[in-house]
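Participant: sequence and predicted structure are below.
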Amino acid sequence: MRTGEPLPEVGDVLAALGTGLWHWDTATGRVTVDAEAARLLGLPAERTTLTEAQARARLHPVDWNEITGVVQLAVAEHTVAEVRIRIMDERGQVVRVVRSRSKPSFDPVRKAYELIGTLQEVTEPAPGTSAARSAVTGDWRRSREAFLLDAGRALAEARSTEEVLRVAAGLSMPGFTPDGLAVFGVSGDRLTVIGHHGQPQDDMNPFVDMPLETDYPAAEVVRTGRAVYLSSPAQYRSRYPITWPLAERFGRQSWAFLPLAAGGRTMGAWMAAFAHPVAFTPDERSVLTTVARMLAQALSRAGAAETQRQLTDGLQRTMLPALVPEIPGMSIAARYVPTGGGLQVGGDWYDMIPLPRGRFAVVIGDVQGHDVRAAALMGQLRIALRAYASEGHRPDAVLSRASHFFHSLADSTEDPADLRFATCFYAEVDPATGVVESARAGHLDPVVRMADGTALILATEGGLPLGIDPDADFPTSRLALEPGDTLMLCTDGLVETGGHTLQTGWNRLRIVLEEHEGDLEELADALVQAVHGPSSHHTTGPLADRREDDIALVLLCWRDESCGHGISTVTRPPVRRTVLTVAQAEPERIAAARQLLRELLHDWSDEEQRDAAVLLLSEVLTNVLVHTDADALLVAEVGGSPGERHIRVEVTDSGDDLPHKRRPGEMASSGRGLMLIELLSDAWGVTPRGEGKSIWFEFYESPEDGSEDGPGVASALVDASPEAE
């Protein structure tokens, strides 16, 4: 063309390039082609308008169906739709293969597609070959694979039926996203709606409960196990005339009903409804079938998980009692925290048992294991303990009978490797006096939080865990709570979770017990949070094995009006007191007494005075066990304000012989006890009782700089030796 001449028309340029133009409006069902496009379709080379049926007759039927999916995908992704189409003659032979490129749009008002595109011949396959199936485009399949991967991942992560339905409602299928979904289930001989999306709740009422014999696509799918595809309202109306009026008001154009099968049985049906016509090509049916299978598996998993949660919740409600709402003079709080590893109830438990004369028993224990058998044994043991306690037995007798009972349960198992034992702490509490009588079977010692905030582990006598020796003995311990004292009973999960030993775990809990301000319920929450909350990540234990364990926790505070929790309670009293009995047959409890006194004086400013008090206590207890036939009762009290406190340690026995000072020789192995008391303590004395006597000594807190006058422990020991006299 010469310079200055007008440009040729676009159609002339495209015709010169062997490219035809076409226009398709699905609302009118008309396809308009220019002369070049008509030639490529095997028609006379002139502009013409075809019906959809006439245009479809020139194309391979599979390619026509695939065009629908590719167009819908392009609309959803706002891209160009590009496909290869096989043009056929009357004998079913491929005349040519053309490539179509178009920019489709969707009108939501008319619910119709409009496409303007081009047709251009390509060289493959050669004309005359059979109309065998060949790949039209890879975009559709790549999108399908990506969609199925994402859908499978999302459905696999869903943990409840509600989550599965929410994921299903959010699935954006490549090119044919449904605007309405429904999941049907089976209840007896009735079809029910498990969940739906895309339609109001009231509009689903006719479908909520219908017999399986109903002439409805979902019911047929459940009966036969075969999918039903309805590409048009006319097809729906002709196949299901009875239920068509129920579906007509939704204004949908296509429907797919697929079976939800899991474990070899059809558990329901899934409906995907479309606002636009869908041909349901083999590829589309493959996608829908795959989604239905994944949806069925996800619903099956979610249903099993929900059933298990209902079972475990029921077990927990049955096996863990409600606390007595009100006990005069007592505040009570309890917690149970399962590990979450499978069954949400294991072998840990607590219980409260009403007893005559206003008293009550508190039981806490742990059956070995975290499985169904552990939970079952725990339930049986809990019932047995309740029965023995209700019969009026003392704590030692209750545990002795429980041990014999549990041994018979554990021994009845058919698997010798599955023998179990249980730890248990049983205590009878008198709210009127604060006296607690207890027996312990291999369980952790109780902890008392005194009214001034000091937390101590109380050394109690104990026996073997239940079930090991049916004839085991369980000695009884007696302790007296002071006003405002809080008794803590727990299982080892509260102490050892997070890789902690008993000592490091106790150090972590002690900080919470002594520093927490709040009521008893808040204290229980704080103790659990110290183990499972965010702070637990910064207080890990020294052990590499950080497996979690169940937690059972019970808190008892005596005299509710002065529990020492929160600003609404009275001022904490300035006295802390502890009591311990050391029997003649248990000289090893002298070490427990020393540790108890050291814990009582953990914040004493003078370390030498603390060591001296522990030394003198050991001397006095040893003298009682060696020189008398009586047991020793230890009472230790700390009173006063910090910096001006005093400690009084008193050991009482029933022996008649009063102690007296002696002058031991150089090789003597005894006789220095009273000399040490006189040298190291600030005051001491011997007080006769009606039966027996008491030996006491006192220390007065020194200035924190340690500049006080008086001998230290080391110098006093030297002064007490014969060479120093």
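Facilitator: Great, that's in hand. Being a predicted model, the structure only gives us computed values, none of them experimental.

Participant: for stretch 499-517, what is the distance to the chain centroid?
Facilitator: Between the mean C-alpha point of stretch 499-517 and the mean C-alpha point of its chain there is a distance of 23 Å (C-alpha atoms, centre = their mean, to the nearest Å).

Participant: tell me where the stretch 551-700 of the chain has strands.
Facilitator: Using DSSP state E, counting those that start in this stretch, the strands found in the stretch 551-700 of the chain span residues 551-558, 576-582, 632-639, 646-653, 683-688, 693-700.

Participant: winner for burial among those?
Facilitator: Ranked by average neighbour count under the criterion mean count of other C-beta atoms under 10 Å, the strands of the stretch 551-700 of the chain are headed by strand 551-558 at a mean of 25. (Each C-beta comes from the backbone N, C-alpha and C, glycine too.)

Participant: CA atoms only: put it into CSV for me.
Facilitator: Presented in CSV, the C-alpha positions along strand 551-558 are these (Å, rounded to 0.1, in the frame of the first residue of the first chain):
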residue,chain,number,x,y,z
ILE,A,551,-3.1,-32.8,85.3
ALA,A,552,-5.4,-33.0,88.2
LEU,A,553,-5.3,-30.2,90.8
VAL,A,554,-7.3,-29.5,94.0
LEU,A,555,-6.9,-26.4,96.2
LEU,A,556,-8.4,-26.2,99.7
CYS,A,557,-8.3,-23.0,101.7
TRP,A,558,-9.4,-23.1,105.4
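
Participant: tell me what that strand is packed against?
Facilitator: For strand 551-558, the packing partners by 3 or more C-beta pairs under 8 Å, 6 or more residues apart in numbering; DSSP states H and E come out as strand 330-337, strand 348-354, strand 360-367, strand 486-490, helix 492-496, helix 520-532.

Participant: below-threshold pLDDT in the stretch 301-450 of the chain: ranges please.
Facilitator: 312-325, 340-346, 410-418 (pLDDT under 70).

Participant: could I get the full set of strands for it?
Facilitator: Ranges of strands within the stretch 301-450 of the chain are 330-337, 348-354, 360-367, 422-430, 435-441, 447-449, based on DSSP E, counting those that start in this stretch.

Participant: the fourth one to strand 360-367, inter-axis angle?
Facilitator: Comparing the axes of strand 422-430 and strand 360-367 via axes from the mean of the first three to the mean of the last three C-alpha atoms, to 10 degrees yields an angle of 170 degrees.

Participant: helices or strands next to strand 422-430 in the packing?
Facilitator: Taking 3+ C-beta pairs under 8 Å, 6+ apart as the contact definition, the neighbouring helices and strands of strand 422-430 are strand 360-367, helix 372-390, helix 395-411, strand 435-441, strand 486-490.

Participant: nearest to Leu119, of the helices and strands packed on strand 551-558?
Facilitator: Each of the helices and strands packed on strand 551-558 was checked against Leu119 via C-beta to C-beta, and the shortest separation belongs to helix 520-532, namely 66.9 Å.

Participant: and the closest one with strand 486-490, angle?
Facilitator: Going by the same axes, to 10 degrees, helix 520-532 is angled at 40 degrees with respect to strand 486-490.

Participant: got the buried residues for helix 520-532?
Facilitator: Across helix 520-532, burial judged by 16 or more other C-beta atoms under 10 Å covers 520, 523-524, 526-528, 530-532.

Participant: can I get these in JSON lines with distance to Tyr216 and pLDDT?
Facilitator: Conversion of the buried residues of helix 520-532 to JSON lines gives the following (distance: C-beta to C-beta, whole Å; pLDDT from 0 to 100):
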{"residue": "Leu520", "distance to Tyr216": "58", "pLDDT": "89"}
{"residue": "Leu523", "distance to Tyr216": "59", "pLDDT": "93"}
{"residue": "Ala524", "distance to Tyr216": "54", "pLDDT": "92"}
{"residue": "Ala526", "distance to Tyr216": "57", "pLDDT": "92"}
{"residue": "Leu527", "distance to Tyr216": "57", "pLDDT": "92"}
{"residue": "Val528", "distance to Tyr216": "52", "pLDDT": "91"}
{"residue": "Ala530", "distance to Tyr216": "57", "pLDDT": "88"}
{"residue": "Val531", "distance to Tyr216": "54", "pLDDT": "87"}
{"residue": "His532", "distance to Tyr216": "50", "pLDDT": "83"}
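
Participant: any chance of those in a markdown table with distance to Gln120 as columns?
Facilitator: Output for those, formatted as a markdown table (distance: C-beta to C-beta, whole Å):
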| residue | distance to Gln120 |
| --- | --- |
| Leu520 | 82 |
| Leu523 | 80 |
| Ala524 | 77 |
| Ala526 | 75 |
| Leu527 | 76 |
| Val528 | 72 |
| Ala530 | 73 |
| Val531 | 71 |
| His532 | 67 |
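
Participant: closest to Gly20 out of these?
Facilitator: Set against Gly20, the nearest of the buried residues of helix 520-532 by C-beta to C-beta is His532 (70.6 Å).

Participant: test my guess that the closest one contacts Thr497.
Facilitator: Yes. Contact between His532 and Thr497 holds when scored by C-beta atoms under 8 Å: they sit 7.4 Å apart.

Participant: rewinding a little: wait, which of the helices and strands packed on strand 551-558 is closest to His60?
Facilitator: His60 lies closest to helix 520-532 among these, at 63.5 Å (C-beta to C-beta).

Participant: hang on, the earlier thing: possible to save the helices and strands packed on strand 551-558 as CSV with distance to Phe697?
Facilitator: Below are the helices and strands packed on strand 551-558 laid out as CSV (distance: least, C-beta to C-beta, whole Å):
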stretch, distance to Phe697
strand 330-337, 35
strand 348-354, 40
strand 360-367, 35
strand 486-490, 28
helix 492-496, 34
helix 520-532, 35
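
Participant: out of those, which comes closest to Val448?
Facilitator: Counting by C-beta to C-beta, and looking across all of the helices and strands packed on strand 551-558, nearest comes strand 486-490 at 5.6 Å.

Participant: send over the closest one as PDB, restricted to the C-alpha atoms.
Facilitator: Coordinates of the C-alpha atoms in strand 486-490 are reproduced here as PDB (Å, rounded to 0.1, in the frame of the first residue of the first chain):
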ATOM      1  CA  THR A 486      -4.200 -23.300 101.400                       C
ATOM      2  CA  LEU A 487      -3.600 -27.000 100.800                       C
ATOM      3  CA  MET A 488      -2.600 -28.000  97.300                       C
ATOM      4  CA  LEU A 489      -3.000 -31.600  96.000                       C
ATOM      5  CA  CYS A 490      -1.900 -32.400  92.400                       C
END
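
Participant: could you tell me the angle between it and strand 348-354?
Facilitator: Taking the same axes, to 10 degrees, one finds strand 486-490 and strand 348-354 inclined to each other by 130 degrees.
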